[in-house]
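**Q** okay, here's the prediction I keep looking at, along with the sequence it came from:
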Amino acid sequence: MENYNENVLKLRVREQKLKEELEYWETEFKPSGNMGKWGRQTRLDKLKTELADIQKDIQFHDSVYLSNEIYKQWKDENLTN
């Protein structure tokens with residue numbers, strides 16, 4: 001279970017960093033010219049894709065954890081002697 005928590009913690013830290021970087025590229029970065037606009041949009045697309053993947057992984061880990069907890073509770077209620 002500790003490994004699970006470490007994995008989720010790492011994912012959440014990475015998610016937070018990506019959100020901060022995405023905020024910078026959306027609001028603070030000012031492109032100059034068409035190449036700057038293209039580079040900015042490319043970076044935004046990559047960040048959004050990576051953020052979506054990490055959020056999907058976090059959701060998966062959370063659902064597995066919840067399923068395990070539900071199973072443990074069911075097992076305790078139904079299989080105790």
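**A** Nice, I can see it.
**Q** tell me the pLDDT at L9?
**A** In this model, L9 is scored at 88, pLDDT.
**Q** for the one helix or strand it maps to, packing partners?
**A** Assigned by DSSP states H and E, L9 belongs to helix 2-23. For helix 2-23, the packing partners by 3 or more Cβ pairs under 8 Å, 6 or more residues apart in numbering; DSSP states H and E come out as helix 33-78. In short, each C-beta sits where N, CA and C put it, glycine included.
**Q** packing partners for the helix it packs on?
**A** Packed against helix 33-78 by the contact rule (3+ Cβ pairs under 8 Å, 6+ apart) you find helix 2-23.
**Q** so how far is the helix it packs on off the chain centroid?
**A** The chain centroid and the centroid of helix 2-23 are separated by 6 Å, computed with Cα atoms, centre = their mean, to the nearest Å.
**Q** give me phi/psi at P31?
**A** phi -70, psi 150 (degrees, to the nearest 10).
**Q** that one: neighbour count?
**A** Neighbours of P31 under the rule other Cβ atoms under 10 Å: 13.
**Q** hmm, back to that, which parts of the helix holding L9 are buried?
**A** Going by neighbour count (16 or more other Cβ atoms under 10 Å), the buried part of helix 2-23 is L11, E15, L18, L22.
**Q** what do you get for stretch 51-69?
**A** In stretch 51-69, counting by 16+ other Cβ under 10 Å, buried: L51, I54, I58, H61.
**Q** cool, and stretch 74-81?
**A** Buried residues in stretch 74-81, counted by 16+ other Cβ under 10 Å: none are found.
**Q** how far away from the center of its chain is it?
**A** Computed by Cα atoms, centre = their mean, the chain-centroid distance of stretch 74-81 equals 34 Å.
**Q** do stretch 16-34 as well
**A** For stretch 16-34, the distance to the chain centre is 18 Å (Cα atoms, centre = their mean).
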